[in-house]
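> Would you be able to build a 3D model of this:
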Amino acid sequence: MKVLWNEKIVEESEVKIDLEDRGYQFGDGIYEVIRIYDGYLYMEKEHLDRLWVSAEKIRMTLPFTKEELSQRLHRLANEVGLENARIYFQVTRGTAKPRLHNFPDPKEVQPVLMADIQPASRPSSKQNIGIRAGFVEDKRWLHCDIKSISLLGNILALDEAQQKGYDEAVLVRDGYVTEASASNLWMVKDEVLYTHPDGNLVLPGIAKIKIRELVKTLGIELREERFTKEELLAADECFKTSSVAEIMPIIEIDDHKIGEGMPGSLTKKILTAYIETVNLSVQAHRDEK
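Here you go, the predicted structure:
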């Protein structure tokens with residue numbers, strides 16, 4: 001499989017990770033995942049914008065412009081040729097010797113870029129029936145707004161939920177629901193949509209940006225405010241969102257049915273609108289060619 005390694009597209013076997021790479025030693029890096037639909041990189045601009053924000057927050061100077069990175073990602077997508085996939089790309093701070101905790105001089109260390117593309121398809125079967133989740137205490141750090149490659153806290157939370165037989169973890173900090181293990185979380189109560197406001201406790205999702213636009217068009221009231229686990233259990237509907245999962249209904253939490261225990265009407269309406277906007281974006285891209 002071809003991958004992107006800094007400026008070059010090479011075979012995966014040619015990539016060599018330096019022992020002293022700070023991404024490998026410290027998790028000192030950032031990443032993004034863009035969904036590809038019929039060859040179109042969906043919401044690419046928003047993903048690149050967020051990468052730059054994450055870089056600024058960890059005081060990393062990226063060694064390329066957004067246009068240059070976009071060109072490299074498109075070259076890789078064309079080379080690999082998968083029509084429906086996801087493209088993962090990350091930037092580590094680079095190799096610094098000896099291994100020290102303090103940031104190295106940026107003039108002496110070059111950040112390392114890599115990207116690969118793997119097949120991905122819409123999880124329609126799960127979207128149709130929904131998934132089960134369990135509450136897990138949110139023990140992650142206080143910079144969840146940075147899309148860091150340091151994801152051990154998220155992984156531990158998901159594993160804790162899966163050890164109990166659930167599909168997903170719903171994270172709770174000080175009694176308030178923050179998000180899922182790698183997705184933004186939403187609930188519906190009395191036809192009103194709720195989600196945790198952006199800030200340092202949640203990742204500002206790209207799918208979340210699109211949901212904000214869609215609910216305005218659909219005439220759905222949105223309140224970005226905190227809610228408790230008790231309020232979530234009393235909700236009529238619940239779902240999570242991400243670029244890969246899109247809109248995924250959650251029908252049960254801690255063996256407690258949410259609403260009627262099936263994907264709700266508002267959830268399905270938003271999912272339908274999301275898929276429609278993806279199709280329109282893909283068609284517009286085709287028309288430009």
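> Could you use CA atoms for every contact and neighbour count after this?
Fine.
> Can you verify my assumption that residue 122 contacts residue 245?
Yes. Contact criterion Cα atoms under 8 Å: residue 122 and residue 245 qualify, at 7.3 Å.
> who has more neighbours, those two?
For residue 122 versus residue 245, the count of surrounding residues by other Cα atoms under 10 Å is larger for residue 245: 20 against 15.
> Next, give phi and psi for that one.
Dihedral pair for residue 245: phi -80, psi -20, per degrees, to the nearest 10.
> Look up phi and psi at the residue nearest to it when sequence neighbours are not counted.
Closest residue to residue 245 apart from its sequence neighbours, by Cα to Cα, 6 or more residues apart in numbering: residue 123 at 6.7 Å. Phi and psi for residue 123, reported as degrees, to the nearest 10, are phi -80, psi 60.
> cool, residue 10 as well?
phi -130, psi 170.
> you'd agree it is up against residue 76?
No. If you go by Cα under 8 Å, residue 10 and residue 76 don't touch, sitting 9.5 Å apart.
> rewinding a little: measure the residue nearest to residue 245 to residue 59 for me?
36 Å (Cα to Cα, to the nearest Å).
> got it, and residue 96?
Taken as Cα to Cα, the span from residue 96 to residue 59 is 16 Å.
> Between the two, tell me which one has more neighbours.
A count of neighbours by other Cα under 10 Å puts residue 96 above the other of residue 96 and residue 59, at 19 against 12.
> wait, what's in contact with the more buried one?
20, 21, 22, 104, 109 (Cα atoms under 8 Å, 6 or more residues apart in numbering).
> so how far is residue 52 from it?
22 Å.
> In contact with the residue located most distally from the centre of the chain, which residues are there?
Distance from the centre of the chain peaks at residue 98, with 33.0 Å (Cα atoms, centre = their mean). Neighbour list for residue 98: residue 20 [criterion: Cα under 8 Å, 6+ apart].
> helix, strand or coil for it?
coil (DSSP: H, G, I helix; E, B strand; the rest coil).
> That one and residue 104: what is the separation?
Applying Cα to Cα to residue 98 and residue 104 gives a distance of 10 Å.
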